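Participant: here you go, sequence then predicted model.
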Protein chains: 2
Amino acid sequence: MDLDAVAAIRDERVDWRFKGLPADVSGTTIGDVADRRLDLFADGFVGPLVVLDAAALEHNLATMARWCADRGVLLAPHGKTTMAPQLFARQLAHGAWGITAANTSQLRVYRAFGVTRVLLANQLVDPAGLRWLARELAADDTFEFTCWVDSVAGVARMTEALGSVERPVDVLVELGARGGRTGARDQATALDVARAAAASPALRLVGVGGYEGALAHDASPAARSTVDSYLDSVRELAIGLRDLFAVDEPIVTVGGSAYFDQVAAKLTEPWPFPVRPVLRSGAYITHDDGFYRGISPLGRTPGAQPFRSALRAWAQVTSKPQPDLALLTLGKRDASFDEGLPEPQVVRGRDGVERPFRAEVTALNDQHAFVRLSDDDVEVGDWLGLGLSHPCTVFDKWPLIPVVEGTTVVDLVRTYF
Amino acid sequence: MDLDAVAAIRDERVDWRFKGLPADVSGTTIGDVADRRLDLFADGFVGPLVVLDAAALEHNLATMARWCADRGVLLAPHGKTTMAPQLFARQLAHGAWGITAANTSQLRVYRAFGVTRVLLANQLVDPAGLRWLARELAADDTFEFTCWVDSVAGVARMTEALGSVERPVDVLVELGARGGRTGARDQATALDVARAAAASPALRLVGVGGYEGALAHDASPAARSTVDSYLDSVRELAIGLRDLFAVDEPIVTVGGSAYFDQVAAKLTEPWPFPVRPVLRSGAYITHDDGFYRGISPLGRTPGAQPFRSALRAWAQVTSKPQPDLALLTLGKRDASFDEGLPEPQVVRGRDGVERPFRAEVTALNDQHAFVRLSDDDVEVGDWLGLGLSHPCTVFDKWPLIPVVEGTTVVDLVRTYF
């Protein structure tokens, strides 16, 4: 990764484009703001805000790195979660093997910051994107790119769009399953796709990919068994394709954030030839106070060191029109709402004292949260701190996110969505 | 509005920060890209994309302006819908009286582009925001700002935070209703709030505000009757507060995008003294192919000129793993999903020919849409054009949006979220 480009993020000017920042830092830079060690509540930040907890972030980075190293699996975290090159750099510094992307626009961000090894977890059939990719591969020998193929038609589209290339594009055959998302639905179809890819002058078959996260939605025995069966079929495919791979040590990659324990176990069972087992979990970096708290393998494994939620929203009570209702200055523009609503955790009154606070957010409008109160202990102007669910749909609402130790801002993370 | 600042948006450099743009325009400016009249499908744009239809946009601007003028109501469209100063300038050019905002961060964007008349449709109780506002008011005599108050506590917080001010902050008493969002719940409470505001040295009471959109959710007779009753109570409050207003012609403002016909009718019934009736509808500018298509007054009024949807998403079929399932390169990061999922409308095959296409999007993941197919007539690589529901949660996913005539890009709209 181009660490100079990452460091240069600190040179960007801050102003009214970045919601929540103090007005009086306008005209300075991200780096200046980080260095001033401003207080979230005393130095002019305006609500709503989302902040990252510095200690939880570091804990999660270290925990996942150690977990993968202990099990002998590589990690190419899905960068779509944060789209934050500063966090990619930290993931790579913690030993990540590459970064995963979802589409061409994301890949362009990665390349602007010199990410050298990228998995693009889709079949890339966009002619404009493919032509740009071919130029990027030709211009940089160190760039290692791999994407999915899951149909003979997709292989044909890619081959046609790429034409004559200096370096063929590395591809993995994606195996899916009935009821899942993308990916060939059975071994025979996957074999046809693999043969087509191996025969394409523009492609190079380097392994097998898959995604178990669309097949199950909880940690029940039935869900876990579905995931294990699917992982067995990925192994079967990879073993069957041995003679078609263009490399001696093919990649076998599966694994979101919900079942990576099972994925790591299956991908590290003995193989008849060397493979590179790669997980792509992305949400671990911040974890959450909702969906991933409920489903994370490290939360349900006895004795495991769990991840900690690194995300918190802060918003003021702007109205308390009934004793049982508070409205916050926080809405769909600021907080995720697709996998559970924000969870009030603390209240900070006018005296600056924080105390635990439990209540239910019953709805979000574009710019408001409805909080059902059970007693009368918050007032107009109080700040609520809220846990969030599903980091991906939090990051995409914030171009610049303060990183805090307590209430002190020690860094700012820039996202590019 | 500062039209030079708006024009200067064209000078911003484009690069990988703006998803969907052709790679080879990197390093040029927004204005350069607009002037090149690029084709959406031939000149390197990559999916997914969201575009604005130039003709529909102009139609909606003109239709709403004429509708308001015909009825004698003023329009302060809610700018949170688009957060696009270029579109604010067009709304103002079409006669809008001001622009509505939801919070301090939005207000800062507006002020960076010199919007002179702003309604902030919330009680603003953030000390840092209020101190900045007081400085902004003191520095610019032409800046007209008005926000809501809905509690005596809120008035106290504002008064305390503002301290001694050069220009008092104009406020409207907000009337709500049981089951609604913010706003005093009855006339007696609203009268207390008005008295407190009138007595505050930092505030000036200039009218009454409200929001009917949280009280009803469809166009049924019962819903419309609830809205009418609420509007009667707003009138009653405004008339009762006459002696407390600090101005001869107070503002009375209600009105989102779903019931503005009823609001305009009630606010233009005879008053015992002059008032300024102000609507705040924001979604009309693009309208949609979902929630607002279903509920817009101009859609259900016989003989009315309806709005037209100006928003369309384009995404490719990245996978077709089963005959009845296509996956698109479009997800929660790209399209709204909170008031209905995207609606496939046309398909554009490899031959560049567009034909009507109907199918159901059954789910969005972060970066994928699931389309249930009834026959086999889309292929991997085809582009689907999709209608969207709820413009507010589309705009906030796109920092730069092409404006098209057919498939020719004739302008680009910058948003600031």
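Facilitator: Right, received. Where do you want to start? Numbers count the residues shown, from 1 in each chain, chains lettered A, B, ... in the order given.
Participant: three-state assignment of the closest residue to A:Leu3 other than its chain neighbours?
Facilitator: The spatial neighbour of A:Leu3 that comes closest, neighbours along the chain excluded (CB to CB, 6 or more residues apart in numbering or on different chains), is A:Ala89 at 6.3 Å. Placement of C-beta: from N, CA and C, glycine included. Classification of A:Ala89 using DSSP: H, G, I helix; E, B strand; the rest coil returns helix.
Participant: just give me the neighbour total for A:Ala89.
Facilitator: 22 (other CB atoms under 10 Å in any protein chain shown).
Participant: tell me the contacts of the nearest residue to A:Ala23 once chain neighbours are set aside?
Facilitator: Using CB to CB, 6+ apart and skipping residues adjacent in sequence, the residue nearest A:Ala23 is B:Trp132, 4.5 Å away. Counting by CB atoms under 8 Å, 6 or more residues apart in numbering or on different chains, B:Trp132 makes contact with A:Ala23, A:Gly44, A:Val46, B:Thr104, B:Arg108.
Participant: and the strand or helix carrying B:Trp132, which residues are buried?
Facilitator: For B:Trp132, the enclosing helix or strand under DSSP states H and E is helix B:127-139. Buried residues in helix B:127-139, counted by 16 or more other CB atoms under 10 Å in any protein chain shown: B:Pro127, B:Ala128, B:Gly129, B:Leu130, B:Arg131, B:Trp132, B:Leu133, B:Ala134, B:Glu136, B:Leu137.
Participant: chain neighbours aside, what residue packs nearest to the last one?
Facilitator: Spelled out, it's B:Leu137. In space, B:Leu137 is closest to B:Arg167, 4.6 Å off (CB to CB, 6+ apart).
Participant: pretty sure the one you found is in a helix, no?
Facilitator: No: B:Arg167: not assigned to a helix; according to three-state DSSP it is coil.
Participant: what's the neighbour count on it?
Facilitator: B:Arg167 has 15 nearby residues by other CB under 10 Å.
Participant: who touches it in this structure?
Facilitator: By CB under 8 Å, 6+ apart, the neighbours of B:Arg167 are B:Ala134, B:Leu137, B:Ala138.
Participant: which one of these is nearest chain A?
Facilitator: B:Ala134 (11.5 Å; CB to the nearest CB).
Participant: what's near enough to touch the closest one?
Facilitator: If you count contacts by CB under 8 Å, 6+ apart, B:Ala134 has them with B:Leu162, B:Val165, B:Glu166, B:Arg167, B:Val169.
Participant: how far away is A:Thr318 from A:Ser229?
Facilitator: 50 Å (CB to CB, to the nearest Å).
Participant: do the same with A:Ala197
Facilitator: A:Ala197 is 25 Å from A:Ser229, where distance means CB to CB.
Participant: quick one: the top helix by length along chain A near chain B?
Facilitator: As assigned by DSSP state H, the longest helix anywhere in chain A is helix A:221-240. No: Helix A:221-240 stays clear of chain B (CB under 8 Å from any CB of the partner chain), getting no nearer than 13.7 Å.
Participant: so how far is that helix from its chain's centroid?
Facilitator: 23 Å (CA atoms, centre = their mean, to the nearest Å).
Participant: which neighbours in the sheet does the helix or strand just after that helix have, and how are they oriented?
Facilitator: Sequence-wise, the next helix or strand downstream of helix A:221-240 (DSSP H and E) is strand A:251-253. Strand pairing for strand A:251-253, using DSSP bridges, gives strand A:203-210 (parallel), strand A:276-279 (parallel).
Participant: list the contacts for the residue in the stretch 201-350 of chain A positioned nearest to chain B?
Facilitator: With CB to the nearest CB as the measure, A:Ser319 is the residue of the stretch 201-350 of chain A nearest to chain B, at 3.8 Å. For A:Ser319, the residues meeting the contact criterion (CB under 8 Å, 6+ apart) are A:Ala326, A:Leu327, A:Val380, B:Asn122, B:Gln123, B:Asp150, B:Ser151, B:Gly154, B:Arg181, B:Thr182, B:Gly183.
Participant: show me those residues that map onto helices.
Facilitator: Going by DSSP H, the helices hold B:Gly154 from the contacts of A:Ser319.
Participant: could I get the contacts of A:Ser319 as TSV with neighbour count, distance to B:Tyr211 and pLDDT?
Facilitator: Formatted as TSV, the contacts of A:Ser319 follow (neighbours: other CB atoms under 10 Å in any protein chain shown; distance: CB to CB, whole Å; pLDDT from 0 to 100):
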residue	neighbour count	distance to B:Tyr211	pLDDT
A:Ala326	27	17	98
A:Leu327	27	11	98
A:Val380	23	18	97
B:Asn122	26	10	97
B:Gln123	30	13	98
B:Asp150	31	11	98
B:Ser151	26	16	98
B:Gly154	30	16	98
B:Arg181	21	6	97
B:Thr182	27	8	98
B:Gly183	26	7	98
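Participant: show me what the closest residue to A:Ala34 other than its chain neighbours bridges to in the sheet.
Facilitator: Excluding the flanking residues, the one nearest A:Ala34 by CB to CB, 6+ apart is A:Asp411, at 4.8 Å. Note on A:Asp411: beta-bridge partners by DSSP bridges are A:Val403.
Participant: about what we covered before: which of the contacts of B:Arg167 lies closest to B:Thr100?
Facilitator: B:Leu137 (17.6 Å; CB to CB).
Participant: what secondary structure does A:Val317 sit in?
Facilitator: Assignment for A:Val317 (three-state DSSP): strand.
Participant: that one reaches A:Asp377, doesn't it?
Facilitator: No: A:Val317 is beyond contact range of A:Asp377, at 11.1 Å (criterion: CB atoms under 8 Å).
Participant: ok, back up a step: between A:Ala197 and A:Ser229, who's got more neighbours?
Facilitator: Ranked by neighbour count (other CB under 10 Å), A:Ala197 and A:Ser229 place A:Ala197 first, with 28 against 12.
Participant: was I right about that one contacting A:Pro168?
Facilitator: No: using CB under 8 Å, A:Ala197 is not in contact with A:Pro168; the gap is 9.8 Å.
Participant: quick one: least confident helix or strand in chain A?
Facilitator: Least confident element among the helices and strands of chain A, by mean pLDDT, DSSP states H and E: helix A:297-300 (a mean of 90).
Participant: what's it in contact with?
Facilitator: With CB under 8 Å, 6+ apart as the contact definition, helix A:297-300 has outside contacts at A:63, A:67, A:219, A:258-262, A:293, A:304-307.
Participant: what do you get for stretch A:387-394?
Facilitator: Under the contact criterion CB under 8 Å, 6+ apart, stretch A:387-394 has outside partners A:50, A:80-82, A:282-283, A:285-293, A:309, A:311-313, A:335-343, A:345, B:332-333, B:366.
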